[in-house]
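[1] Just the structure for this:
(one chain, ligands or ions: 2)
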Amino acid sequence: MADPRGFIKIAKKPAGNRPVHERIRDYSEVEQTLNSEDRRLQASRCMDCGIPFCHWGCPVDNLIPEWNDLLYRGDWKGASDRLHSTNNFPEFTGRICPAPCEHACVLNIGEEPVTIRENEVAIVERAFAEGYITPAPPETRTGKKVAVIGSGPAGMAAADQLNKAGHHVTLFEKDEKIGGLLRYGIPDFKLNKGTIDRRISIMVEEGVELRTGVEVGKSIPGSQILEGYDAVCLAIGAMVPRDLDIEGRDLDGIHFAMDYLSQQNRVVDGAYVAYDNRITAEERNVLVIGGGDTGSDCVGTAIRQGARSVTQIEILPKPPEKRADDNPWPYWGKILKTSTSHEEGCERRWSLATVKFNGMQQRVTHAEVEEVTWEKEDGKYTMKPLPGSRHQIQADLILLAMGFVHPQHEGLLNELGIDLDQRKNIGIDRSTMATNVEKVFATGDAVNGASLVVTAIASGRRTAKKIDDYLLGAENRV
Ligand SMILES: Cc1cc2nc3c(=O)[nH]c(=O)nc-3n(C[C@H](O)[C@H](O)[C@H](O)COP(=O)(O)OP(=O)(O)OC[C@H]3O[C@@H](n4cnc5c(N)ncnc54)[C@H](O)[C@@H]3O)c2cc1C
Ligand code: SF4
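    Ligands and ions are numbered 1, 2, ... in the order given. Next up, the predicted model:
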């Protein structure tokens, strides 16, 4: 255990964020870092509980008490090695994971959990700075070839694991750069893209082959991949956005969140976007429809672009500030979350359904909304409009951030004849991660539906293990 009395002696000390007035002028990361001594003291708060609920809460099964102990003792290399034994990319999760581990931490009973996520990123960044993380290609090769299609965190984790197991891995990506939603969804102010480039360059030196700008099923047929590889891993995400099919939807100025966010990430990366195609919040009254993380990322981006006002609305009721009785520790706390983007200046409203978009000269000017109530009937919540509550919200840029429905079916999935599940995600046998098509496996959001980076990494690791079993037999795994 780090320090048996650490949690009594040392108060929780988050690293904090850059001041709002400074950070809204750029796209650099918002979160700051603690000095090494403070970080060590934060690690000392970990009690190495007999039953580490944090470990249970972490989808990649990070050995949290173990690396907290090593961190407290100043063994940064040992901590990094232990961290990497379960997580390929702690530099991503350490920055942007919503940290279900901290919700499950025993100290969270008193609402002062160990700063697990911050400790994680501190360990991996120190390990990079000290040169502990270097390319380590596998000593032997199996002669088997695997195609991983899609380079988000699930595809990257699967490729990394399979390459480490000695297979020759080719990672296909339709976009111009690797990373999936890490690259073109999550804004730079949450995750700087240098972290992806740094990790990818190590993977390339270790032998992973990259093929970007290739949409399998369009640029090249899926059948060609099936012929050329011993196994195929579909890691194509779940990027079909949920739409709002209401009057006025075709007005100018209404966009899917991902079209907006991905363009801004490309601009930050130096891409040129023609004026007519540019989606910008500059001098606009912005309305974000959807109260989740994607919506919050739109808020932060709109503020940086110089929006006149930003409003975010959500159809569900406002969550409570504290856990409800039916949502006890150590489960994920369904409580109000205020992101750094919200702190930067945004009006948030709940229990509002959007019923119509109004406009002038083909451009949206207002969204018509009505208040709704949520009533429990036969154990199920039903939404009811509140009579007489209709009103307008002025907005000349509207961003639809209402989640994602399933992966794209047109192209690759249809061509290969991949079976879907009830939610129209890729259907797999969960015990093998295999699809209905021989030698084709699937992973990440494409099978789970839109989720988190950490669940995508966990899924990628699991699918890689199953592919390895398929290629070599469990008993021969390298
Ligand atoms: C705006 C936004 C913000 C988010 N913020 C967070 C956050 O803060 N924390 C968090 O934990 N999670 C966050 N998420 C969720 C997280 O990013 C996803 O759950 C995760 O990226 C899913 O990983 P994946 O590898 O399964 O798929 P993706 O990241 O979606 O990657 C799929 C990749 O496959 C490629 N592809 C698709 N079809 C083909 C094809 N036919 N050929 C070649 N390539 C193809 C795509 O171009 C893409 O690069 C966020 C999501 C969004 C949209
Ligand atoms: S990956 Fe997420 S859940 Fe796991 S230890 Fe890190 S912050 Fe916690």
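
[2] CA atoms for contacts and neighbours, from now on please.
    OK.

[3] Okay, helices next: where are they in the stretch 301-450 of the chain?
    340-343, 412-416, 445-448 (DSSP state H, counting those that start in this stretch).

[4] which one of the ones you listed is the most hemmed in?
    For the helices of the stretch 301-450 of the chain, the largest average neighbour count (mean count of other C-alpha atoms under 10 Å) is found in helix 445-448, namely a mean of 25.

[5] which strands and helices sit next to the very next helix or strand once past that one?
    As assigned by DSSP states H and E, the chain's next helix or strand after helix 445-448 is helix 453-472. Taking 3 or more C-alpha pairs under 8 Å, 6 or more residues apart in numbering; DSSP states H and E as contact, the helices and strands that helix 453-472 lies on are helix 90-96, helix 153-164, strand 231-234, strand 440-442.

[6] The second one close to ligand 1?
    I take that to be helix 153-164. Yes: counting by C-alpha under 6 Å from any ligand atom, contacts between helix 153-164 and ligand 1 involve 153-155.

[7] that older thread, closest one to ligand 2 among the helices and strands packed on helix 453-472?
    For ligand 2, the closest of the helices and strands packed on helix 453-472 is helix 90-96, at 5.0 Å, according to C-alpha to the nearest ligand atom.

[8] After the closest one, which helix or strand is next? Please name it.
    helix 100-104.

[9] is any part of that following helix close to ligand 1?
    No: using C-alpha under 6 Å from any ligand atom, helix 100-104 stays clear of ligand 1, coming no nearer than 10.1 Å.

[10] Identify all contacting residues around that helix.
    53-58, 108, 113-117, 329-333 (C-alpha atoms under 8 Å, 6 or more residues apart in numbering).

[11] Setting the sequence-adjacent residues aside, check what's closest to residue 295.
    Nearest residue to residue 295, sequence neighbours excluded (C-alpha to C-alpha, 6 or more residues apart in numbering): residue 401, at 5.2 Å.

[12] Quick check: that neighbour touching residue 290?
    Yes: assessed by C-alpha atoms under 8 Å, residue 401 is found in contact with residue 290 at 4.8 Å.

[13] who has more neighbours, those two?
    Set residue 401 next to residue 290 and count neighbours by other C-alpha atoms under 10 Å: residue 401 wins out with 27 against 22.

[14] Return the residues in contact with the more buried one.
    Applying C-alpha under 8 Å, 6+ apart, we find residue 401 in contact with 242, 256-258, 288-292, 294-295.

[15] Output the below-cut-off pLDDT ranges for this protein.
    Scanning the chain for pLDDT under 70 picks out 2, 474-478.

[16] so how far is residue 358 from the most far-flung residue of it relative to its centre?
    In the chain, residue 388 marks the outermost C-alpha relative to the chain mean, sitting 38.9 Å out by C-alpha atoms, centre = their mean. For residue 388, the distance to residue 358 equals 19 Å [C-alpha to C-alpha, to the nearest Å].

[17] Contacts only, for residue 372.
    Residues counted as contacts of residue 372 (C-alpha under 8 Å, 6+ apart) are 315, 351-353, 383-386.

[18] Filter those residues down to the buried ones, PyMOL style.
    Selection of buried members from those for PyMOL, criterion 16 or more other C-alpha atoms under 10 Å:
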select buried, resi 315+351+352+353+383
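
[19] Which of the contacts of residue 372 fall in strands?
    Among the contacts of residue 372, DSSP state E puts 352-353, 383-385 in strands.

[20] Tabulate those residues (CSV), appending distance to residue 193.
    Formatted as CSV, these follow (distance: C-alpha to C-alpha, whole Å):
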residue, distance to residue 193
352, 35
353, 35
383, 40
384, 43
385, 43
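
[21] From the residues you listed, pick the one nearest ligand 2.
    When those are compared against ligand 2 (criterion: C-alpha to the nearest ligand atom), the nearest one is residue 352, at 31.3 Å.

[22] quick one, what contacts that closest one?
    Contact analysis of residue 352 by C-alpha under 8 Å, 6+ apart lists 313-316, 369-372.

[23] Adding distance to residue 467, write these out as a markdown table.
    Shown next, in a markdown table, are the contacts of residue 352 (distance: C-alpha to C-alpha, whole Å):
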| residue | distance to residue 467 |
| --- | --- |
| 313 | 43 |
| 314 | 41 |
| 315 | 41 |
| 316 | 40 |
| 369 | 49 |
| 370 | 50 |
| 371 | 49 |
| 372 | 48 |
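
[24] Of these, which pair is most distant in space?
    Largest separation among the contacts of residue 352 by C-alpha to C-alpha: 316 and 369, giving 13.4 Å.

[25] Which one of those two is surrounded by more residues?
    residue 369 (20 against 17).

[26] can you pull the contacts of the residue lying closest to residue 366 once chain neighbours are set aside?
    In space, not counting the residues next to it along the chain, residue 366 is nearest to residue 394; the distance is 4.4 Å by C-alpha to C-alpha, 6+ apart. Residue 394 makes contact with 285, 365-367 under the criterion C-alpha under 8 Å, 6+ apart.

[27] again, but for residue 22
    When the contact criterion is C-alpha under 8 Å, 6+ apart, residue 22 has no partners at all.

[28] Looks to me like it is in a strand.
    No: going by DSSP: H, G, I helix; E, B strand; the rest coil, the assignment for residue 22 is helix, not a strand.

[29] Need the helices of the stretch 301-450 of the chain in JSON lines (columns: distance to ligand 1).
    As requested, the helices of the stretch 301-450 of the chain are arranged in JSON lines below (distance: least, C-alpha to the nearest ligand atom, whole Å):
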{"stretch": "helix 340-343", "distance to ligand 1": "11"}
{"stretch": "helix 412-416", "distance to ligand 1": "5"}
{"stretch": "helix 445-448", "distance to ligand 1": "4"}
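
[30] doesn't residue 81 fall inside a strand?
    No: Residue 81 is assigned helix when assessed by three-state DSSP, not a strand.

[31] That one and residue 294, how far apart?
    32 Å.

[32] Among those two, which residue is more densely surrounded?
    Neighbours were tallied for residue 81 and for residue 294 using other C-alpha under 10 Å; the higher tally belongs to residue 294 (21 against 17).

[33] Isn't the more buried one up against residue 260?
    No: using C-alpha under 8 Å as the test, residue 294 is too far from residue 260 to be in contact (10.8 Å).

[34] Can you get me a residue count around the nearest residue to residue 132 once chain neighbours are set aside?
    Excluding the flanking residues, the one nearest residue 132 by C-alpha to C-alpha, 6+ apart is residue 77, at 6.5 Å. The local packing of residue 77 (other C-alpha under 10 Å) involves 21 other residues.

[35] what's the host helix or strand of residue 77 packed up against?
    Residue 77 belongs to helix 76-84 when assigned by DSSP H and E. Secondary-structure packing of helix 76-84 (3+ C-alpha pairs under 8 Å, 6+ apart): helix 64-72, helix 116-129.
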